[in-house]
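*Asks:* The sequence and its predicted three-dimensional model are supplied below.
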Amino acid sequence: MTKICKGINDKPDLSIIVSMYNEEESVPLFFNKIREVMGKLFSYQYEIIAIDDGSVDKTYQLLLDYAKEDKRIKVIKFSRNFGKEYGMMAGLRFCSGRAAVPMDVDLQDPPELIADFIKKWEEGYDMVYGIRDDRTSDTFLKRTTAMLFYKIYNLMTQSPIPYNAGDYRLIDRKVINAILSLKERNIFMKGVFGWTGFKSCGIKYVRAERKKGESKWNYWKLWNFALDGITASTTFPLRIWSYLGTLLSMVGMLYAFYIIVRTILFGVDVPGYASLLVFILLLGGIQMVILGILGEYIGRIFIEVKNRPHYIVEEKVNFSDDEA
Ligand code: UDP
Ligand code: MG
């Protein structure tokens with residue numbers, strides 16, 4: 001069955017979702033490229049949902065200029081910087097296409113791949129994700145840490161994420177609606193995509209260098225992103241300590257038994273300062289780690305309980321009233 005049924009309510013076939021933060025240099029390149037690529041796919045109606053994630057440069061002004069001359073470009077302005085994940089959430093919430101393609105503005109995700117995504121979508125896949133086949137545009141450290149993250153994440157969770165799959169993908173309306181039904185604040189998109197299930201497949205591509213501007217990520221941000229991702233998706237780090245604790249206390253009991261028997265048989269053995277100190281420090285350290293992990297989860301419960309909205313929209317341009 002073909003997925004494309006044009007003309008119904010004049011909804012576009014594709015919504016391209018792009019979140020931007022201080023990207024004035026990339027905006028013109030991005031729109032030119034998208035228009036070129038989508039021009040070749042002329043049988044598909046499309047819209048671009050551009051989210052200005054609180055930029056302090058001319059990004060928003062540029063977006064307005066583009067939106068004025070092309071009504072397919074719809075703009076959402078956040079009241080401040082909320083982060084790319086929430087930009088994507090807003091894009092999914094306000095897009096009206098039968099499928100959505102979230103992508104980065106810096107053209108690291110080659111727009112030409114959209115044609116391949118669509119082909120798979122037509123074949124019946126609800127989600128077609130891009131797999132970064134060649135990450136030589138990333139540094140060795142970034143590639144290794146990314147690999148480690150995927151390994152650890154997939155060990156701990158029940159819905160693994162495919163190695164090197166990013167946010168660049170095509171998702172059918174079914175998947176969009178499933179994601180929109182989630183109410184949580186600490187949302188990890190990569191994990192959520194896989195969690196929804198549905199028939200999916202991957203397409204390999206080479207991730208290009210950033211064309212203009214600078215990456216907004218540094219290792220500290222990535223570390224926090226990884227922590228958020230893991231704590232948003234699994235309670236494994238909480239559970240592991242019950243098992244480790246059980247194991248440690250069993251070893252402790254055996255050792256206590258040995259000490260008691262030895263004392264009864266051979267009397268009190270006073271030296272032992274070194275071993276005592278080692279045990280105290282070791283156990284103290286482990287307890288701190290456990291407390292830290294508990295804290296990570298409690299902090300997130302606190303944020304969830306407050307139930308604040310994901311983002312605040314300051315302005316919306318080119319949306320019709322029924323899309324409000
Ligand atoms: N981005 C965003 N909000 C932020 C940081 C980034 O919307 O707070 C956007 C950014 O403008 C770009 C995309 O997210 O379109 C990817 O950002 P970047 O290229 O810095 O990430 P990288 O490709 O280095 O992972
Ligand atoms: Mg980038």
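*Replies:* Now that the structure is in, tell me what you want to look at. Ligands and ions are numbered 1, 2, ... in the order given.

*Asks:* Can you name the residues of the stretch 51-200 of the chain sitting close to ligand 1?
*Replies:* 53, 81, 83-84, 87, 104-106, 108 (Cβ under 6 Å from any ligand atom). Using the backbone N, CA and C atoms, a C-beta is placed for each residue, glycine as well.

*Asks:* so which of those also contact ligand 2?
*Replies:* Restricting these to those near ligand 2 by Cβ under 5 Å from the ion leaves 104, 106, 108.

*Asks:* Let's have the residues you listed in CSV, adding neighbour count.
*Replies:* Below are these laid out as CSV (neighbours: other Cβ atoms under 10 Å):
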residue, neighbour count
Asp104, 20
Asp106, 22
Gln108, 19
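
*Asks:* Tabulate those residues (TSV), appending pLDDT and secondary structure.
*Replies:* Converted to TSV, those look like this (pLDDT from 0 to 100; DSSP: H, G, I helix; E, B strand; the rest coil):
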residue	pLDDT	secondary structure
Asp104	91	coil
Asp106	89	coil
Gln108	86	coil
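
*Asks:* shaky segments in the stretch 151-300 of the chain?
*Replies:* Low-confidence segments of the stretch 151-300 of the chain, defined by pLDDT under 70, are absent.

*Asks:* where along it do the strands fall?
*Replies:* 165-172, 200-206 (DSSP state E, counting those that start in this stretch).

*Asks:* The shortest one vs strand 165-172, what angle?
*Replies:* The reference is to strand 200-206. Interaxial angle, strand 200-206 versus strand 165-172 (axes from the mean of the first three to the mean of the last three Cα atoms, to 10 degrees): 130 degrees.

*Asks:* same for strand 200-206, what does it pack against?
*Replies:* Judged by 3 or more Cβ pairs under 8 Å, 6 or more residues apart in numbering; DSSP states H and E, strand 200-206 is in contact with helix 113-123, strand 127-134.

*Asks:* if we can go back for a sec, out of the strands of the stretch 151-300 of the chain, which is closest to ligand 2?
*Replies:* With Cβ to the ion as the measure, strand 165-172 is the member of the strands of the stretch 151-300 of the chain nearest ligand 2 (9.6 Å).

*Asks:* residue contacts, the residue nearest the centre of the chain?
*Replies:* Closest to where the C-alpha atoms of the chain average out (Cα atoms, centre = their mean) is Met189, at 3.5 Å. Applying Cβ atoms under 8 Å, 6 or more residues apart in numbering to Met189 gives the contacts 85, 88, 102, 167.

*Asks:* If we only consider these, which is nearest to Gln45?
*Replies:* Comparing these against Gln45 with Cβ to Cβ places Pro102 closest, at 18.1 Å.

*Asks:* Mind listing the residues bridging to that closest one?
*Replies:* Ile17 (DSSP bridges).

*Asks:* Can you report how many residues neighbour it?
*Replies:* 26 (other Cβ atoms under 10 Å).

*Asks:* How much space separates it from Glu296?
*Replies:* Pro102 sits 27 Å away from Glu296, going by Cβ to Cβ, to the nearest Å.

*Asks:* Point out where the stretch 1-150 of the chain drops to low pLDDT.
*Replies:* The stretch 1-150 of the chain contains residues with pLDDT under 70 at 1-9, 135, 137.

*Asks:* In the stretch 151-300 of the chain, which residue sits closest to ligand 2?
*Replies:* As assessed by Cβ to the ion, ligand 2 sits closest to Arg210 within the stretch 151-300 of the chain, at 4.9 Å.

*Asks:* Just list the residues touching the closest residue to that residue other than its chain neighbours, thanks.
*Replies:* Distances taken as Cβ to Cβ, 6 or more residues apart in numbering place Asp106 nearest to Arg210, at 4.4 Å, with adjacent residues excluded. Contacts for Asp106 (Cβ under 8 Å, 6+ apart) come out as 23, 26, 30, 210-213.

*Asks:* hmm, back to that, my read: the residue of the stretch 151-300 of the chain closest to ligand 2 touches Gln108, true?
*Replies:* Yes. With contacts defined as Cβ atoms under 8 Å, Arg210 counts as touching Gln108 at a distance of 5.7 Å.

*Asks:* what's in contact with stretch 123-133?
*Replies:* Stretch 123-133 is contacted by residues 1, 3, 109, 113, 116-117, 120-121, 162-166, 168-172, 174-175, 193, 196, 198-207 when judged by Cβ under 8 Å, 6+ apart.

*Asks:* Mind giving me the PyMOL select for those, buried ones only?
*Replies:* The PyMOL selection below is limited to those of those classed as buried (16 or more other Cβ atoms under 10 Å):
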select buried, resi 3+109+113+116+117+120+121+162+164+165+166+168+169+170+171+172+174+175+193+196+200+201+202+203+205+207
